[in-house]
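A structural model of the following input is requested.
(chains A and B)
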Amino acid sequence: MKPTGTDLLLPDGTTPAAVLDTLSTRLSLREGPAGARDRRFYDTFDGLLRAAGLAFVHESGRSVLLAIDDGSEQAAMPAPNPPEHVFVADLEPGPLRDALAGIIEVRALLPLVRIHGVQHAFGVLDDSAKTVVRLALEEPAVLGSHGRRVTLAARIRLGAVRGYDKELRRVLDTLVDDLGLRPAERSELDDAVLATGASPGGVSSKVDVALARDERSDVAVASILRRLAEVMECNLPGVIAEVDPEFLHDYRVAVRRSRAVMKELKRVFPAEQLARFRVELRWLQQVTGPARDLDVYVLDFDELRSGLAEPARSDLEPLLRVLRARRALAHRDMVRALRSDRAMELRAQWPAFLPELVTLPAEGRPDAMRPIGELTGERIVKVYRRMIKMGRAIDDSSPPESLHELRKQGKELRYLLELFGLPLHPGDVVKPLVRSLKALQDTLGRHQDREVQIATLRSLRDDVVTLRGGAGALMAMGVLIEHLGEDERSARAEFADRFASFAAKEQRALVRETFTS
Amino acid sequence: MSRVLATYNIKGGVGKTSAAVNLAYLAARSGASTLLWDLDPQGASTYLFRVRPKVAGGVRKLVRRRSDVEKLIKGTDYEHLDLLPADFSYRHMDLALDAAKHSTDRLARVLEPLRREYEYIFLDCPPSISLVSENVFEAADALLVPIIPATLSSRTFEQLEALVRGGPQVLAFFSMVEVRKSLHREVMAQLRAAHVTMLGAAIPSADEVERMGVQRAVVAEIAPGGRAAIAYEALWWDVRRRLAVARGVG
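Here you go, the predicted model:
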């Protein structure tokens, strides 16, 4: 197969100067400007841009979004100084903001790597001395850890000139077939990131642990929990530094998933440690809760407000100020808790306990040695059936708490399915089950969120009314509470349908058949 | 938002092509994706960029939007600067336009898909008053009008303003100026006093402008830092400022 990439590496043992000498005997070249380049690349913590095939770079007073495969500019804006970080919300409206918004959402673009280097530009000319292909020789280097300069492999980059595709293919053939250059397997950016000791693609919060159905349950559970502890640890600095709200979100999901595993598969643990760590993780969940709730409130504020007509919409401004102030306080309290001795001890002891778990005697841990496929299948069926029972008992006269309890069970089922269902059980059963569960959970979630939002709004009334414009804000909040109440009722009305498809006869039969075998 | 700028004058030999080529180069050099459409069948700017003056399917298919215009575009020696070449069939552009429906906005329609891709589109127009120029007035956001400071130039300017009234913004500038000639100095002073829309920058009659055709390059390459190169930079700055003011930004 012909290489499609346009980044080429020099043959081993050759110098850029030697390659250029040979090149100039084969191709008609015009030397363009040579110059130093200083590029700073950015991406989100979890590498969202790279995953989308893009790179964000600041160079010579401009911020540019590039396609990684051919280096083409997707959008750009002037930026005199390299930014510390970039949020979509802080960018001027325009193509760059539009292009980023759908990809990074609320995440921050953080400095990733800085590539220095000298670039020699050339035009490959045709018979009328017209440039038909652009060629650049780059000798890049990156500043590694401790300020160490690491030289990267020199590259020749071919740039297409519009309307001269045949010429580009011809030049590529000459370079590869005749001169022995080889297409680069990695982008220059990935090369640079690797040279700094980091991994291209950023740090993922995904739990991708390979499990076998007949594996010992305690071994499987320990590997899942170790990965979740790793996710918590990776996200913690970003939570404390308040880089962007996704750090806290991912951190809390990992805590909640760990708690669900301990609760549902409790008989693989020794009772004493189980009780202790469950208390501790529950505490982590609690101390991070208010900050997350207020993050969501501030993030959703525009959407919340968009349901109101003017002038009520602008009247809500004092509410946003109160929410922001509360959010700052909640974050301060959370950071204090996360830095406390209690949290530090947990950070050390929890990941140390997990590898030990599998060495502990099996007495008092009746599920420890059972095959994980069988054990999780049993639990999935059990929680599913419990949900069916609870859901069927709900009618129009049931109190809201009955829906909240069902939602809690739903979360546990969802984590069991995501962590153990997909790796261990047939995907064609698990995936539709997760889908109908998600639909049900969305409805239950909306029902509960609205209720919490209404309660929060009510609790903020005293704070808001003392501010300038407070009276107007209070009126607007009244309208908002009404809207939220309507939405809560509509979620409640949706419940019956959503539950019916989740509890459909065929699905029940499929669950029984798949997970009890 | 994309801006369509046409270098236009009823008279020939006043520096339209030089202005189109050098201004398009400056736009591209600032990083803006830029297209130059050489509408003149003589193909002077196509020649300057060393591109073959050939449009597959000719003018008839092009104005009827039967050709894929994006495939007709050629990259130039300069990054971010592309060319839609001239073709000898453009000498019959009037007839082709006349034969098509909506004969006065055909060029605007051809440009429509390109306005998303290019920040600036320059039209290098043939000298005439014809259906082609009517189309140019329809398509352009502004006309860049080179004026030689000689007798009758004031009349040319007034005729043009009358012609496009209500149409694109008219941005006139002095071209091929010889400051040693007292006639040039006098005419410039008169015109500037009479027409506030006259741009401040003036392009001198300079050797490097004439050499463009020989060296097939922009003045910034032939004589970087020379009088003409500086004048075009000043002109481009002036044009952008006027565009911003018209848009209510400046």
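
residues touching A:Pro33, list them.
The contact partners of A:Pro33, by C-beta atoms under 8 Å, 6 or more residues apart in numbering or on different chains, come to A:Ala121. C-betas here are computed from N, CA, C, even on glycine.

and the residue nearest to B:Ala206 when sequence neighbours are not counted, what element?
Distances taken as C-beta to C-beta, 6 or more residues apart in numbering or on different chains place B:Ala228 nearest to B:Ala206, at 4.2 Å, with adjacent residues excluded. According to DSSP states H and E, B:Ala228 maps onto helix B:227-247.

which residues sit against that helix?
Here helix B:227-247 makes contact (C-beta under 8 Å, 6+ apart) with B:3, B:5, B:19, B:22-23, B:26-27, B:141-142, B:144, B:169, B:171, B:173, B:199-204, B:206, B:208-209, B:219-220, B:223, B:250.

Please enumerate the helices of chain B.
In chain B, the helices defined using DSSP state H lie at B:16-29, B:44-48, B:58-63, B:69-72, B:93-99, B:106-111, B:131-139, B:153-164, B:182-194, B:207-215, B:219-222, B:227-247.

For residue 184, which non-adjacent residue is spatially closest?
Since no chain was named, I'll use chain A. A:Asp7 (4.2 Å).

hmm, I had chain B in mind actually
B:Pro149 is the one closest to B:His184 (C-beta to C-beta, 6+ apart), at 4.4 Å.

Now the one you found, what are its backbone angles?
As for B:Pro149, its main-chain torsions (degrees, to the nearest 10) stand at phi -70, psi 80.

what's the lowest-mean-pLDDT helix or strand in chain B packed up against?
Sorted by mean pLDDT, DSSP states H and E, the helices and strands of chain B end with helix B:153-164, the least confident at a mean of 81. Here helix B:153-164 touches strand B:142-147, strand B:169-177, helix B:182-194, going by 3 or more C-beta pairs under 8 Å, 6 or more residues apart in numbering or on different chains; DSSP states H and E.

doesn't A:Val133 make contact with A:Val171?
Yes: using C-beta atoms under 8 Å, A:Val171 is in contact with A:Val133, at 4.8 Å.

Name the residues contacting each of those two.
Joint contacts of A:Val171 and A:Val133 (C-beta under 8 Å, 6+ apart) are A:124, A:158.

who's more crowded, these two?
Using other C-beta atoms under 10 Å in any protein chain shown as the criterion, A:Val171 and A:Val133 rank with A:Val133 on top: 25 against 21.

for chain B, what are the nearby residues on the stretch 101-250 of chain A?
By C-beta under 8 Å from any C-beta of the partner chain, the residues of the stretch 101-250 of chain A that approach chain B are A:123, A:128-131, A:134, A:160-164.

Turn those into CSV, columns for pLDDT.
Below are these laid out as CSV (pLDDT from 0 to 100):
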residue, pLDDT
A:Gly123, 94
A:Ser128, 90
A:Ala129, 93
A:Lys130, 95
A:Thr131, 95
A:Arg134, 92
A:Ala160, 89
A:Val161, 93
A:Arg162, 93
A:Gly163, 94
A:Tyr164, 95
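
Just among these, which is most surrounded?
Going by other C-beta under 10 Å, A:Thr131 tops those with 25 neighbours.

Is the nearest residue to that one once chain neighbours are set aside bridged to anything, and to what?
Counting by C-beta to C-beta, 6+ apart, the nearest residue to A:Thr131 once its immediate chain neighbours are dropped is A:Gly123, at 3.5 Å. Here A:Gly123 sits in beta bridges with A:Arg30, A:Arg134, going by DSSP bridges.

quick revisit: with the residues of the stretch 101-250 of chain A next to chain B in mind, which one is nearest to A:Gln448?
A:Ala160 (53.9 Å; C-beta to C-beta).

Tell me the residues of chain A that contact chain B?
A:62, A:73, A:76, A:123, A:128-131, A:134, A:160-164.

and with 7 Å instead?
A:62, A:76, A:123, A:128-131, A:161-164 (C-beta under 7 Å from any C-beta of the partner chain).

between those, which is nearest A:Arg512?
Comparing the residues of chain A next to chain B against A:Arg512 with C-beta to C-beta places A:Ala76 closest, at 57.3 Å.

any idea of the angle the helix holding B:Ala228 forms with strand B:142-147?
140 degrees (axes from the mean of the first three to the mean of the last three C-alpha atoms, to 10 degrees).

distance between helix B:227-247 and the chain's centre?
Helix B:227-247 sits 13 Å away from the centroid of its parent chain (C-alpha atoms, centre = their mean, to the nearest Å).

gap between A:Pro245 and B:Glu186?
Noted for A:Pro245: a distance of 68 Å to B:Glu186, by C-beta to C-beta, to the nearest Å.

The two: which is more packed in?
A:Pro245 (22 against 11).

That one - nearest residue in space that isn't next to it in sequence?
Nearest to A:Pro245 is A:Asp295, by C-beta to C-beta, 6+ apart, at 4.4 Å.

what about the one you found, how many neighbours?
Neighbourhood size, A:Asp295 [other C-beta under 10 Å]: 21.

Doesn't it belong to a strand?
No: counting by DSSP: H, G, I helix; E, B strand; the rest coil, A:Asp295 falls outside a strand, being helix.

ok, now which ones touch it?
With contacts defined as C-beta atoms under 7 Å, 6 or more residues apart in numbering or on different chains, A:Asp295 is in contact with A:245, A:248, A:327.

can you do 10 Å?
Neighbouring residues of A:Asp295 by C-beta atoms under 10 Å, 6 or more residues apart in numbering or on different chains: A:106, A:242, A:244-246, A:248-249, A:323, A:327, A:330-331.

Which pair in the residues of chain A next to chain B has the greatest spatial separation?
A:Arg62 and A:Ser128 (32.5 Å).
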